[in-house]
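In: next input, structure requested:
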Amino acid sequence: MNNKSEKSSNSSHSMLILLAAALAGVAFIGMGMFMYNMGNNMSTMTKAVIRMSDDVHSMRNDMSGMSGRITEMATSMDSGQNSMGEDLDSLANNIEVMTGSMLQMGDSMQGLGSNIGTMNTNMAAMTSSMEQMSNNMSIMNQSMGRMSYDINKFTEPEKLMVPFIR
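Out: Here you go, the predicted model:
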């Protein structure tokens with residue numbers, strides 16, 4: 001009888017070892033899948049950060065170009081104002097000169113109109129750039145939210161590996 005109980009004890013002991021090895025294998029596979037998914041998530045986040053960096057560089061270039069165009073516009077407006085001021089002085093001195101000055105002022109107004117048209121085009125480009133920047137910031141905020149969620153998940157990996165502990 002003692003032999004039978006020893007065989008039964010050895011058999012249950014072997015079953016426990018086999019069960020523990022199976023559970024360890026499942027845990028190992030689960031941890032491997034977790035690490036693989038974490039690597040993919042980090043790769044996706046890195047790509048998003050690279051795209052955001054490219055967008056910021058593009059916006060910087062757009063803003064630099066816009067700044068140059070605004071400076072040019074201000075210079076043109078100042079030149080136009082100076083020309084108009086000279087025309088008004090001539091108008092007060094002599095009626096004959098006024099006719100010539102009116103023609104000159106018409107030319108200046110045409111240039112000013114052209115510069116204002118350029119300003120409108122540049123303002124439209126600036127609005128588009130600002131809209132793009134706003135969209136990029138929205139995408140960045142979404143990415144940061146997802147990153148925050150993922151980082152929060154990684155601070156307590158035991159909850160991911162053993163969800164029934166909660």
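In: okay, and the residue nearest the centre of the chain sits in which element?
Out: Residue closest to the mean C-alpha point of the chain, counted by Cα atoms, centre = their mean, is N136 at 3.4 Å. Using DSSP states H and E, N136 maps to helix 95-155.
In: which non-adjacent residue is nearest G111?
Out: G80 (6.4 Å; Cβ to Cβ, 6 or more residues apart in numbering). (Each C-beta comes from the backbone N, C-alpha and C, glycine too.)
In: roughly how far out does the helix or strand hosting the one you found sit from the chain middle?
Out: Element membership for G80, per DSSP H and E: helix 2-93. With Cα atoms, centre = their mean, to the nearest Å as the basis, helix 2-93 stands 9 Å off its chain's centre.
In: list the helices and strands that helix packs on?
Out: helix 95-155, helix 157-161 (3 or more Cβ pairs under 8 Å, 6 or more residues apart in numbering; DSSP states H and E).
In: need these in CSV (columns: distance to L19 and mean pLDDT).
Out: Shown next, in CSV, are those (distance: least, Cβ to Cβ, whole Å; pLDDT from 0 to 100):
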stretch, distance to L19, mean pLDDT
helix 95-155, 29, 78
helix 157-161, 18, 63
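In: what's the closest of the ones you listed to V56?
Out: helix 95-155 (7.9 Å; Cβ to Cβ).
In: so how far is that closest one from its chain's centroid?
Out: 18 Å.
In: for that helix, packing partners?
Out: Helix 95-155 packs on helix 2-93, going by 3+ Cβ pairs under 8 Å, 6+ apart.
In: before we move on, the earlier item: so what's the residue nearest to the centre of the chain up against?
Out: 52, 55-56, 59 (Cβ atoms under 8 Å, 6 or more residues apart in numbering).
In: what's the spacing between it and S108?
Out: Distance of N136 to S108, given as Cβ to Cβ, to the nearest Å: 41 Å.
In: next: R146.
Out: Distance from R146 to S108, by Cβ to Cβ: 56 Å.
In: who has more neighbours, these two?
Out: S108 (19 against 14; other Cβ atoms under 10 Å).
In: roughly how far does that one sit from G117?
Out: For S108, the distance to G117 - Cβ to Cβ - is 15 Å.
In: next: A21.
Out: Applying Cβ to Cβ to A21 and G117 gives a distance of 79 Å.
In: repeat for L23
Out: L23 is 76 Å from G117, by Cβ to Cβ.
In: same check on N41?
Out: 49 Å.
In: between the two, which is the more surrounded one?
Out: N41 (16 against 10).
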